[in-house]
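Q: I'll drop the sequence and a predicted model, then ask my questions.
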Amino acid sequence: MPLVTTKEMFEKSMKEGFAIGAFNVNNMEIIQGIVDAAAEENSPVILQASSSAIKYARIGYLKKMVEAALEEHDIPIVLHLDHGPDYETCKMCIDNGFTSVMIDGSKYDFEENVALTKKVVEYAHMKGVVVEAELGKLAGIEDDVNVASDDAMYTDPAQAEEFVRRTGCDSLAIAIGTSHGAYKFKGDARLRFDILKEVKTRIPNTPIVLHGASTVIPELVEKCNKYGGEIPGAKGVPDIMLHQASKSGVSKINVDTDLRLAMTSEIRKVLVEEPSVFDPRKYLTPARESVKKTVQHKIRDVFGSSNKA
């Protein structure tokens, strides 16, 4: 099966009430772990790369590794640019075979965001590629995205309606309380489902996206810290809230931090318990399996996309 866009999978998700996991990739083991999990669950999946991941892995390598996954598994796979910082990056990814791109104009004022998003949409649609945009600002740090908590801003539902109408974007990432990175909440987790509900009422046919939605799985944090890590107090979005979001009109949920924790915790464990190991396969194999296990849990127990391929 060739790469697909998100159009059909999002239509199905909105109709049947489930979300599709969008998992960040930057190396072979992560791609294998994600796609093996999705294939076993018979789930559609979105593989997404940020501009910094593309810089690290190089766009040609990423594309070929995803093509290898397509040859192994017959499930719908989207290759998506996460947090495209500018028109040029989006264009580069479109020209290199990505089937979906995100243009993140949330750092600009409303009119600038509209103009930039519209420019990307016009080029992408001419090439048969779909576009995700963002309105509102999520706090936190992820790769090249860094927003202070004081600068975070919830999405205005009325603006969301106007934004989609004026830009023609295919999906919209909104801010309802999630944040990037491993430190999402200082106190109890709280998401503004009232904002989500109003947004869906105003733009019922537009797929909604949640960024900064890793659970920051406590067991993985504990394992990292046990084997020499230093990430005390890390806290993410509880699975029960993400499950509610997937049932409440969210079509795409981004996961990055949980995969980093899954991989790193297992690598740390092997290197501490077996200090004589220097063959990368000895620690990357269990790390890949940990990524797979984490993705299967998300697909089956949180997003509800098992057997939706």
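A: Received, thanks.
Q: sheet-wise, list the partners of the longest strand seen in the chain with their directions.
A: The longest strand of the chain (DSSP state E) is strand 77-84. Using DSSP bridges, strand 77-84 pairs in its sheet with strand 45-50 (parallel), strand 100-103 (parallel).
Q: show me where this structure has strands.
A: For the chain, the strands defined by DSSP E occupy 20-24, 45-50, 77-84, 100-103, 130-135, 140-142, 145-147, 171-174, 208-210, 250-255.
Q: and the first one, what does it pack against?
A: Going back to what we said before, that points to strand 20-24. helix 7-16, helix 28-41, strand 45-50, strand 77-84, strand 250-255 (3 or more CB pairs under 8 Å, 6 or more residues apart in numbering; DSSP states H and E). Any C-beta I mention is one placed from the backbone N, CA and C, and that applies to glycine too.
Q: can you pull the phi/psi pair for the closest residue in space to Leu47 that isn't next to it in sequence?
A: Take Leu47 and drop its neighbours on the chain: the residue closest to it by CB to CB, 6 or more residues apart in numbering is Val25, 5.1 Å away. Backbone geometry at Val25, expressed as degrees, to the nearest 10, gives phi -130, psi 150.
Q: contacting residues for Val25?
A: 31, 34, 47-49, 53, 57, 62, 66 (CB atoms under 8 Å, 6 or more residues apart in numbering).
Q: again, 6 Å this time
A: Contact analysis of Val25 by CB atoms under 6 Å, 6 or more residues apart in numbering lists 31, 47, 49.
Q: next, format those as CSV and append distance to Val255, pLDDT and neighbour count.
A: Output for the contacts of Val25, formatted as CSV (distance: CB to CB, whole Å; pLDDT from 0 to 100; neighbours: other CB atoms under 10 Å):
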residue, distance to Val255, pLDDT, neighbour count
Ile31, 14, 98, 23
Leu47, 11, 98, 26
Ala49, 13, 97, 26
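Q: need those in TSV (columns: distance to Ile176).
A: Formatted as TSV, the contacts of Val25 follow (distance: CB to CB, whole Å):
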residue	distance to Ile176
Ile31	29
Leu47	24
Ala49	25
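Q: state the number of residues packed around Leu271.
A: 16 (other CB atoms under 10 Å).
Q: quick one: terminal-to-terminal distance for stretch 69-82?
A: Stretch 69-82 has an end-to-end distance of 19 Å (CA to CA, to the nearest Å).
Q: next, the buried residues of that stretch.
A: 69-70, 73, 75-82 (16 or more other CB atoms under 10 Å).
Q: quick one: residues in contact with that stretch.
A: For stretch 69-82, contacts defined as CB under 6 Å, 6+ apart pick out 1, 3-4, 6, 9, 31, 35, 38-39, 44-48, 50, 66, 93, 98-102, 309.
Q: going through these, which ones are buried?
A: In the contacts of stretch 69-82, the ones that pass as buried (16+ other CB under 10 Å) are 3-4, 6, 9, 31, 35, 38-39, 44-48, 50, 66, 93, 98-102, 309.
Q: helices of this structure, residue ranges please.
A: Residue ranges of the helices in the chain, as given by DSSP state H, are 7-16, 28-41, 51-57, 59-72, 87-95, 110-126, 157-167, 193-202, 218-226, 239-247, 257-273, 280-297.
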